[in-house]
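Participant: okay, sequence plus prediction incoming.
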Amino acid sequence: MKIYDLAVIGAGPAGIAAACEAYAMGLHNVVLIEKGQNHSGTIRSFYKDGKRVDKDWQGQKIESSGTITFFDGTKESTLDFFDSILKKHEIDSRFSEEVEKIVKQGDTFDIYTSKDEY
């Protein structure tokens, strides 16, 4: 069983940001686990090609305070951006892998997925 400093479950925008921010803060042994075939499943499935992806939504201003700067773009540029920051931060991304159970063992957690144990 491989031991990680941090496991992030879910590879949507928040999961990607959490994994990359953790890496930027010094946790370089991070795994990102996603049950879908790739990250950002909602954007991939429900946004039409060329659709805008905006940082602010319906007048709600979102201010980023971490090292990852999100910007307005299209579906394609947003997905490309997420690909690039996952690569830049060397995040071990596991796709098509559903979490089945998490068990606390003292100060650590054992994560059991459809493909592996962490």
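Facilitator: Sure thing, it's come through. Numbers count the residues shown, from 1 in each chain.
Participant: so Asp110 is in contact with Asp116, correct?
Facilitator: No. Between Asp110 and Asp116 there is no contact under Cβ atoms under 8 Å: 11.2 Å. Glycine gets a C-beta too; all of them are placed from N, C-alpha and C.
Participant: ok, which stretches of this structure are strands?
Facilitator: Here the chain has its strands, by DSSP state E, at 6-9, 30-33, 52-53, 73-74, 92-94, 99-105, 108-113.
Participant: among those, which is nearest Thr67?
Facilitator: For Thr67, the closest of the strands of the chain is strand 30-33, at 14.1 Å, according to Cβ to Cβ.
Participant: export that closest one as CSV, just CAs?
Facilitator: Taking Å, rounded to 0.1, in the frame of the first residue of the first chain, the C-alpha atoms of strand 30-33 are listed here in CSV:
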residue,chain,number,x,y,z
VAL,A,30,-0.3,14.0,-3.2
VAL,A,31,-2.8,11.7,-5.0
LEU,A,32,-5.9,12.9,-6.7
ILE,A,33,-8.6,10.2,-7.0
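Participant: that one pairs with which strands, and in what direction?
Facilitator: Partners of strand 30-33 in the sheet, by DSSP bridges, are strand 6-9 (parallel), strand 92-94 (parallel).
Participant: between the ones you listed, which one is closest to Trp57.
Facilitator: Closest to Trp57 of those is strand 6-9 (Cβ to Cβ; 22.7 Å).
Participant: so what's the residue count around the closest residue to Leu79 other than its chain neighbours?
Facilitator: If the residues on either side of it in the chain are set aside, Leu79 comes closest to Ser40, at 5.9 Å by Cβ to Cβ, 6 or more residues apart in numbering. Ser40 has 21 neighbours, counted by other Cβ atoms under 10 Å.
Participant: so who does Ser40 touch?
Facilitator: Residues in contact with Ser40 (Cβ atoms under 8 Å, 6 or more residues apart in numbering) are Ala11, Gly12, Pro13, Ile16, Thr78, Leu79, Phe82.
Participant: quick one: which two of the residues you listed are the most distant?
Facilitator: Ala11 and Thr78 (13.5 Å).
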